[in-house]
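Trainee: what's the 3D shape of this:
(one chain, ligands or ions: 1)
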Amino acid sequence: MDDIRNVIIVGSGPAGLTAALYAARADLEPLQIEGREAGGQLMLTTEVENFPGFPDGIMGPALMADMRKQAERFGTELLTADADAVDLSARPFTVTVGSDVHRAHSVIISTGATARWLGLPNEQRLIGKGVSSCATCDGFFFRDRELVVVGGGDSAMEEATFLTKFASKVTIIHRRDELRASKIMQERAFKNDKIDFVWNAVVEDVLGDSVVEGVQLRDTSTGETWEHRTDGLFLAIGHDPTTGLFRGQVELDDEGYIIVDEPSTQTSVPGAFAAGDVVDHTYRQAVTAAGTGCRAAMDAERWLASEGLVA
Ligand code: NAP
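Mentor: Residues are numbered from 1 along each chain as shown. Down below sits the predicted model:
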């Protein structure tokens, strides 16, 4: 039975690495399956100015490298590979990576979520250079600039409204002539003098060599195309939680996010905990993810003790 871990953490964004830090400092000797593309969404960000403790800001990848080093310092074992399968139907739980099957008394799921992108030819190249999926993270860099927000849901209304704090003008591009957003969020956007709408239009490409200079739009009813000048393209077309591995294992909500027994991080399976954006529809911030990662490690530690699996 010695090869059974106390805890395996799947995922390595701020939630997973904070869970690892706390679990390691509690002597649980966690194994972290960090993924082939470790570090989560902050690896795609440039400067992070809203993570407390960094008054001059820090680059997203540097923050993640420091979190990783801190988790490792207290004995977290990191495995740079994707988990291929998870079995939470019997204890010990198993996490399969290639031909290796890792066993554990408890599991912390922190696989995050990914922002939806439009799949434009130049979109990925210009991420961090005017293309963003997070107004809260990047809005501040666009003082007195003109911006475009794509989407017609609550996120698009919220992000556009937030961006008017900085931008001189925000244009919402929506593919239909009717918004999906709740009435109250719509009203707020309609009342804002700095917000304009372009209806029945889709973005066909984002333009610019080193930074965003415009977008190519197409009218969905007439097929007409034109260029719209902008300094930034903010996408607000939804997020997808990374829960494919856990479908049928733990209870998910209609949108695929893991359901936890708030305020704890306990999933529908005792001994399996979840933290970060894989649970969170609402806040989706590095600092909120880190906070729930801490809670998940503490919940796992208490659960292991209650089961008599650790002292
Ligand atoms: P959402 O409600 O799914 O809206 C996504 C929007 O993006 C829709 O308007 C959709 O257009 C558009 N869209 C999707 N794919 C597109 C594509 N390929 N090209 C162009 N447009 C595309 O997502 P969300 O706004 O992120 O909201 C997710 C959930 O969080 C919702 O339940 C929402 O109420 C909640 N939320 C709440 C708040 C708040 O209350 N403060 C804030 C943010 C989010 P169609 O309308 O044509 O489908």
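Trainee: and the closest residue to Glu204 other than its chain neighbours, what helix or strand is that in?
Mentor: Counting by CB to CB, 6 or more residues apart in numbering, Glu204 lies nearest to Gln216, which is 4.5 Å off, once chain neighbours are set aside. The way it works is simple: take the backbone N, C-alpha and C, and place the C-beta from them, glycine included. When elements are assigned from DSSP states H and E, Gln216 belongs to strand 214-219.
Trainee: restrict that strand to CA atoms and write it as CSV.
Mentor: Below are the C-alpha coordinates for strand 214-219, written out as CSV (Å, rounded to 0.1, in the frame of the first residue of the first chain):
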residue,chain,number,x,y,z
GLY,A,214,-7.8,47.0,-36.8
VAL,A,215,-10.3,44.2,-37.4
GLN,A,216,-11.8,42.9,-40.7
LEU,A,217,-15.6,42.6,-40.3
ARG,A,218,-18.2,40.9,-42.4
ASP,A,219,-21.9,41.7,-42.3
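Trainee: give the partner strands of whichever helix or strand comes after it in its sheet and their orientations.
Mentor: Sequence order places strand 225-229 as the next helix or strand after strand 214-219, per DSSP H and E. Here strand 225-229 is paired, per DSSP bridges, with strand 214-219 (antiparallel).
Trainee: need the contact partners of the partner strand.
Mentor: Contacting residues not belonging to strand 214-219 are listed as 148, 173, 198, 200-208, 224-230, 233 [CB atoms under 8 Å, 6 or more residues apart in numbering].
Trainee: and if you look at stretch 151-167?
Mentor: Contacts of stretch 151-167 (CB under 8 Å, 6+ apart): 135-136, 139-140, 142-147, 149-150, 170, 172, 174-176, 178-182, 185-186, 188-189, 192, 194-195, 232, 234-238.
Trainee: what residues of that stretch count as buried?
Mentor: Of the residues in stretch 151-167, those buried by neighbour count under the rule 16 or more other CB atoms under 10 Å are 151-164, 166-167.
Trainee: next one: stretch 288-306
Mentor: Buried, per 16+ other CB under 10 Å, within stretch 288-306: 288-301, 303-304.
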